[in-house]
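**Q** this one's sequence-less:
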């Protein structure tokens with residue numbers, strides 16, 4: 001999280017949070033802006049998380065829509081993300097209009113030490129005028 005905070009301070013990343021009615025943090029999502037000259041039209045969605053007790057309330061969907069708006073405000077028209085193949089988050093991303101681009105086998109090590117495939121997704125946004 002120290003690295004995330006440093007990226008936020010540097011203007012390279014945005015961190016959105018969701019709180020419940022009591023003000024408790026129950027979710028977050030990150031948007032990393034690509035900084036290379038040929039990539040300033042895109043951003044990467046990272047670490048979309050909602051506490052298990054707060055799921056099925058539309059928080060992840062709301063965070064994703066807020067990321068869309070934030071990306072557009074910063075001139076980004078292409079969003080990319082990746083997730084573990086078979087993860088329930090795949091349904092969320094598809095519901096949010098993301099298209100699967102492909103699968104990379106044995107991409108990420110899981111908690112048991114095995115390797116899981118990851119799925120790459122993208123979403124094109126209209127440019128803000």
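**A** Everything's here; your move. What you see is a predicted model; the values in this text were computed from it and never measured. Residues are numbered from 1 along each chain as shown.

**Q** hey, which helix is longest across the chain?
**A** helix 59-73 (DSSP state H).

**Q** now for it, which elements pack on it?
**A** strand 13-19, strand 25-33, strand 42-50, strand 78-84, helix 89-95 (3 or more Cβ pairs under 8 Å, 6 or more residues apart in numbering; DSSP states H and E). (Each C-beta comes from the backbone N, C-alpha and C, glycine too.)

**Q** Please repeat the previous calculation with a cut-off of 7 Å.
**A** Helices and strands touching helix 59-73, by 3 or more Cβ pairs under 7 Å, 6 or more residues apart in numbering; DSSP states H and E, are strand 13-19, strand 25-33, strand 42-50, helix 89-95.

**Q** now it: mean pLDDT?
**A** Mean per-residue pLDDT for helix 59-73: 96.

**Q** Show me which residues of that helix are buried.
**A** Applying a neighbour-count criterion of 16 or more other Cβ atoms under 10 Å, the buried positions in helix 59-73 are 59, 60, 63, 64, 67, 68, 70, 71, 72.

**Q** quick one: which of those is nearest to residue 94?
**A** residue 64 (11.2 Å; Cβ to Cβ).

**Q** show me where pLDDT drops low in this protein?
**A** Low-confidence segments of the chain, defined by pLDDT under 70: 129.

**Q** now the residue most central in space within it: how far from residue 7?
**A** Taking Cα atoms, centre = their mean, the centroid of the chain lies closest to residue 45, which sits 2.8 Å from it. Going from residue 45 to residue 7 by Cβ to Cβ, to the nearest Å gives 14 Å.
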